[in-house]
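**Q** All I have is the shape, not the residue letters:
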């Protein structure tokens, strides 16, 4: 089980290493504009093949690259309804503070839980291997965070229920 | 316009290609029965239709390659006997396998992907991403 996680993350790391070759490319259609091409998808010659890496039926990672930007969308494993709600709320909390993360996208791509948008400017300011480390570390930590949240929620629920039902004993 | 002409040519060839693929899959089944999974994989990757855009041909080839990939047990041994010219096309099929989402396929593809990246390097992955003309 842990082995597939390691293989999954290695695969994603290698693919990101290869795909994160970004350079500045001003918009071809409009003068003086500079847009992330992966978001607009106006010119097919600027886009690379999107790659979908699934670990199993529930978890997957979509990597779309272009000449000046790279979009990574993640779908996190959600075992039951409770984890579903926790994941949605937690990742929405992060996405709303996307300014602080810089590489985070405010809205996840349709069908995924969270998305990153890395542009050539990010690659110029920050080191490429550190960006990749960040993404992979994020994926590892998300699972831990969600299980921690779930456990604390269950504990709290149990305590509250015990206290509440004591009055009926 | 040239694309339109190519489509007509392919419609005729599609049937020919599909019969060729069926022929190949029979050969691969026999190779797998003789427990030669690496040969089976080589046969599967060899005639990979170069410029066909017909989805049926691509899925037919994918089914055959998938069968060969799942039959491989010893990944390191496979690389010692697989020629480097097959690395790129194998990488493309691995990504196709990873996109299916089926657990055993993904497990096997992830295992092979790690070893293949070590062998072939990041260039192999990048060629796979950049080749928008011959998708698999």
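**A** Noted; the coordinates are in hand. As the structure is a prediction and not an experimental result, all values here were calculated from the model.

**Q** Can you give me the buried ones in stretch A:142-157?
**A** Counting neighbours by 16 or more other Cβ atoms under 10 Å in any protein chain shown, one finds that the buried residues in stretch A:142-157 are A:142, A:145-146, A:149-150. (Glycine included, C-beta is placed from N, CA and C.)

**Q** and which of those is nearest chain B?
**A** Chain B has its nearest neighbour among the buried residues of stretch A:142-157 in residue A:142, at 19.0 Å by Cβ to the nearest Cβ.

**Q** Please look at residue A:14 and residue B:123 and confirm they touch.
**A** No - look at residue A:14 against residue B:123 with Cβ atoms under 8 Å: they stay out of range, at 11.4 Å.

**Q** from the buried residues of stretch A:142-157, which is closest to residue B:73?
**A** Within these, the smallest distance to residue B:73 is 33.0 Å, found for residue A:142 (Cβ to Cβ).

**Q** Next, the contact list for the closest one, please.
**A** A:74, A:76, A:91 (Cβ atoms under 8 Å, 6 or more residues apart in numbering or on different chains).

**Q** same thing with residue B:41?
**A** B:65, B:68-69, B:72, B:78, B:82, B:86, B:90.

**Q** at 6 Å instead, please
**A** Applying Cβ atoms under 6 Å, 6 or more residues apart in numbering or on different chains, we find residue B:41 in contact with residue B:68.

**Q** Confirm it sits in a helix?
**A** Yes - using DSSP: H, G, I helix; E, B strand; the rest coil, the secondary structure at residue B:41 is a helix.

**Q** Would you mind measuring from it to chain A?
**A** In this view, residue B:41 and chain A are 19 Å apart by Cβ to the nearest Cβ, to the nearest Å.

**Q** next one: residue B:74
**A** According to Cβ to the nearest Cβ, residue B:74 and chain A sit 17 Å apart.

**Q** is it true that residue A:87 touches residue A:78?
**A** Yes - shown here, residue A:87 and residue A:78 form a contact pair, counting by Cβ atoms under 6 Å, at 5.4 Å.

**Q** Model confidence at residue A:138, what's the number?
**A** Here the pLDDT value assigned to residue A:138 is 94.

**Q** Next to chain B, which bits of chain A? Give me the list.
**A** By Cβ under 6 Å from any Cβ of the partner chain, the part of chain A that sits against chain B consists of A:4, A:7-8, A:10-11, A:14-15, A:17-19, A:48-49, A:51-54, A:56-57.

**Q** out of these, which are inside helices?
**A** Mapping the residues of chain A next to chain B onto helices (DSSP state H) picks out A:4, A:7-8, A:10-11, A:14-15, A:17-19.

**Q** Format these as CSV; extra columns: pLDDT and neighbour count.
**A** Listed next are these as CSV, based on pLDDT from 0 to 100; neighbours: other Cβ atoms under 10 Å in any protein chain shown:
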residue, pLDDT, neighbour count
A:4, 86, 16
A:7, 93, 19
A:8, 94, 25
A:10, 94, 16
A:11, 94, 25
A:14, 95, 20
A:15, 96, 26
A:17, 94, 16
A:18, 94, 23
A:19, 93, 25
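
**Q** Dump the residues you listed into JSON lines; add distance to residue A:104 as well.
**A** As requested, those are exported to JSON lines (distance: Cβ to Cβ, whole Å):
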{"residue": "A:4", "distance to residue A:104": "26"}
{"residue": "A:7", "distance to residue A:104": "26"}
{"residue": "A:8", "distance to residue A:104": "21"}
{"residue": "A:10", "distance to residue A:104": "23"}
{"residue": "A:11", "distance to residue A:104": "22"}
{"residue": "A:14", "distance to residue A:104": "22"}
{"residue": "A:15", "distance to residue A:104": "19"}
{"residue": "A:17", "distance to residue A:104": "20"}
{"residue": "A:18", "distance to residue A:104": "22"}
{"residue": "A:19", "distance to residue A:104": "18"}
